[in-house]
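Q: the following block contains a protein sequence and its predicted model.
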Amino acid sequence: MKTKHVLALFLALMAALIVLALIFREGFLALLDQPALLAHARFVHIAATTLFFANAALGMVWEARSLKSGRKETILHTYDTVAWLDARLSSPLIVLSLVSGLMLAVASGDLWRIGWLSNAFVLFLLSGVIWVASDIPTQYKVKRLTAAARESADDAIPSELVRVLKLRLWVGLAGVLPLVAVLALMVYRPDIRAVAMWFR
């Protein structure tokens, strides 16, 4: 299955979960509120968020190092591998961390009234918006430019491809920084103002 099909599948799965949660709210909450599964949900959540964050951070370092090398084959191979990992590792990890996190949130009480939890969820959503709005469109452009670079006999990397790959690094950093804050909130659980209280 092609990378774009895998990504589309997981985006559709996330969208379907959101729609089902809105339409069948009570049933969805009952499904998430399973005390017998809480220890498993906690393990899955910790493992999924850790692996997702590590994959995102290491992917950015790997891409930056390949760009610094200036070697066409290295850059093309790195991008292919990072895109493959995004589709087959990051996407399922996002779904797992979201579902397990929601299970833990439901067990903790009202998500929007617990300060650290509601702020962490908003930051998680912000990271997702950055990824969907910026990273996905640039991936399609990079795919087109890498295909042209592969067909070219020139060993030099096209300047437009380098520019877009550098832009992706900044977009990636913008998407990862909220996740650093989310991890800190998960660990330290500070007593901060809940999202439900922002507008009061």
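A: Nice, I can see it.

Q: which parts of this protein are strands?
A: Using DSSP state E, no strands are found in the chain.

Q: using the centroid of it, identify the residue furthest from it.
A: Distance from the C-alpha centroid of the chain, by C-alpha atoms, centre = their mean, peaks at Ala153 (35.2 Å).

Q: okay, now the closest residue in space to Ser97 that isn't next to it in sequence: neighbour count?
A: Closest residue in space to Ser97, ignoring its immediate chain neighbours: Ala48 at 4.0 Å, by C-beta to C-beta, 6 or more residues apart in numbering. Backbone N, C-alpha and C define where each C-beta goes, glycine included. Ala48 has 20 neighbouring residues, counting by other C-beta atoms under 10 Å.

Q: so what's the nearest residue to Met103 once chain neighbours are set aside up against?
A: Counting by C-beta to C-beta, 6+ apart, Ala41 is the residue found nearest to Met103 once chain neighbours are left out, at 4.2 Å. Listed by C-beta atoms under 8 Å, 6 or more residues apart in numbering, the contact set of Ala41 reads 100, 103-104.

Q: who's in contact with Ser100?
A: Counting by C-beta under 8 Å, 6+ apart, Ser100 makes contact with 41-42, 44-45, 48.

Q: nearest to Trp116 among those?
A: Nearest to Trp116 among the contacts of Ser100 is His45, at 14.7 Å by C-beta to C-beta.

Q: okay, Asp86 and Val195: tell me how far apart.
A: Distance, Asp86 to Val195, by C-beta to C-beta, to the nearest Å: 29 Å.

Q: run through the chain and note the low-pLDDT ranges.
A: For the chain, residues meeting the criterion pLDDT under 70 lie at 1, 3-4, 7.

Q: switch to 80 and redo it
A: Within the chain, the set of residues satisfying pLDDT under 80 comprises 1-8, 10-11, 14-15, 17-18, 20-22, 25, 28-29, 31-33, 135-136, 200.

Q: what about the helices in it?
A: 3-23, 25-32, 38-69, 72-85, 91-108, 115-130, 136-151, 159-188 (DSSP state H).
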